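**Student:** what follows is a predicted structure for the sequence shown.
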Amino acid sequence: MHDTTALLIELGSIILALGLLGRLAGRIGFSPIPLYLLAGLAFGHGGLLPMNASEEFIATGAEIGVILLLLLLGLEYSASELVTNLKTQYPSGIVDFVLNALPGAVAALILGWGPVAAVALAGVTWISSSGVIAKVLGDLGRLGNRETPVILGVLVIEDLAMAVYLPLLTALLAGLSLAGGSLTLLISLGTVSIVLYVALRHGRLISRAVSSDNPEMLLLVVLGLTLFVAGIAQELQVSAAVGAFLVGIALSGEVAEGAHNLLAPLRDLFAAVFFVFFGLSTDPADIPPVLVPALILAVVTALTKVATGWYAARRAGIGPRGRLRAGGTLVARGEFSIVIAGLAVGVEPRIGPLATAYVLILVIIGPLTARWTEPIGRRFLRTAATPPKEPTLPLEPADTASTPT
């Protein structure tokens, strides 16, 4: 069979399967991400229907998927909102980092994977899934709740921290020296600072230059600008995903809204391809040996995320029920954990299967913890607050005899 013919057949089969899985997930009110990962495992090496002709094409599509995920996340916020969030919620961000990154780093060291893999696994367990959480908040009708800005604030701080974390991780994975790593980090921080400054001071000028009444022209200019900046960022040893995120922050107003509407279908398509590609690169036979550590890590970091949400909501003056809802909502991990693991598989191949199993577990239980943490926690708190009943003393025979009838 001709290579192009095989490519079209394989690509069509994968996209069709993703569409059917997405519809199935929608019918049962579930995130499609675990189904996409399972599809990748089925189509990859060692899977049920291994496909080889389309692997290189899917790899490129996966890169575009990550870039679009970060671009549209950046479009959700303006530079001023980011600065405000940083000023008011940075203590919650520090607690989030300590409680959730530490278990991953400790687990990697216990498994004997070394310090570089420890930094990577710390990122896997640290970052919550913005995509899954945004969908869960909408599905549960909580977008107007008091705890929702707190949840979004924690997510924004995590995304901003990625601008520092990803270049640092990339430098460590590339084996750069201390001077080389410091230079990479300085370039990243300098780039972030310049883009934030330009977005704050000249955001309107940028948006006006990109703006167009023709949707086709707007799509081409924004997509082209994003890919160009992502490529330049990668050339400067800064993550392409971070470059895309900063482009999203720089755009605002009607341009951001129009670009979001035009790019959202493309984001969904290529993000699905990204999750499939991650599954393709993981041999299903590698998952069972890491299932137990993944399950232990998932239980520990689910509890630490609940504690993070409780702390952040309490700082905002929200009551116990809202604190429990915030904590349960933050449990899901997803796209960013997979991105970090995808970067690290070259140094420690076992991190890929572990991250896949870990994300599968938390993507499945994340919507459940968002729904049930508050009622279960409320019952527990009520039980703990109820004073124990005093034991009833038996009546003395003399008292019984003296009771009038």
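**Tutor:** Alright, I've got the coordinates.

**Student:** neighbouring contacts of stretch 285-298?
**Tutor:** 41, 46, 103-104, 107, 111, 125, 350, 352-354, 356-358, 361-362, 365 (Cβ atoms under 8 Å, 6 or more residues apart in numbering). Where C-beta positions appear, they are placed from N, C-alpha and C, glycine not excepted.

**Student:** stretch 146-154 too?
**Tutor:** The contact list for stretch 146-154 (Cβ under 8 Å, 6+ apart) reads 85, 88-89, 92-93, 96, 128, 133, 137, 142, 308-309, 312-313, 315-316, 318, 322-323, 325-326, 329-330.

**Student:** among those residues, which ones are buried?
**Tutor:** 85, 89, 92-93, 96, 128, 133, 137, 142, 308-309, 312-313, 315-316, 318, 322-323, 325-326, 329-330 (16 or more other Cβ atoms under 10 Å).

**Student:** if we can go back for a sec, where helices are concerned, which of the contacts of stretch 146-154 count?
**Tutor:** 85, 88-89, 92-93, 96, 133, 137, 308-309, 312-313, 315, 322-323, 325-326, 329 (DSSP state H).

**Student:** and the gap between residue 342 and residue 63?
**Tutor:** 10 Å (Cβ to Cβ, to the nearest Å).

**Student:** again but with residue 249, I slipped
**Tutor:** Here residue 249 is placed at a distance of 20 Å from residue 63 (Cβ to Cβ).

**Student:** those two: which has the busier surroundings?
**Tutor:** residue 249 (28 against 20; other Cβ atoms under 10 Å).

**Student:** wait, isn't that one in contact with residue 72?
**Tutor:** No: look at residue 249 against residue 72 with Cβ atoms under 8 Å: they stay out of range, at 11.5 Å.

**Student:** sketch out the low-pLDDT regions of the stretch 1-150 of the chain for me.
**Tutor:** 1-2, 29-31, 45-47, 52-54, 82, 85-86, 131, 135 (pLDDT under 70).

**Student:** which stretches in it count as helices?
**Tutor:** With DSSP state H, counting those that start in this stretch as the criterion, the stretch 1-150 of the chain has helices at 3-27, 33-43, 55-75, 79-110, 115-126, 130-139, 148-173.

**Student:** the next helix or strand after the last one: how far from the chain's middle?
**Tutor:** When you say that, I think you mean helix 148-173. As assigned by DSSP states H and E, the chain's next helix or strand after helix 148-173 is helix 178-210. Its chain's C-alpha centre and that of helix 178-210 lie 23 Å apart, by Cα atoms, centre = their mean, to the nearest Å.
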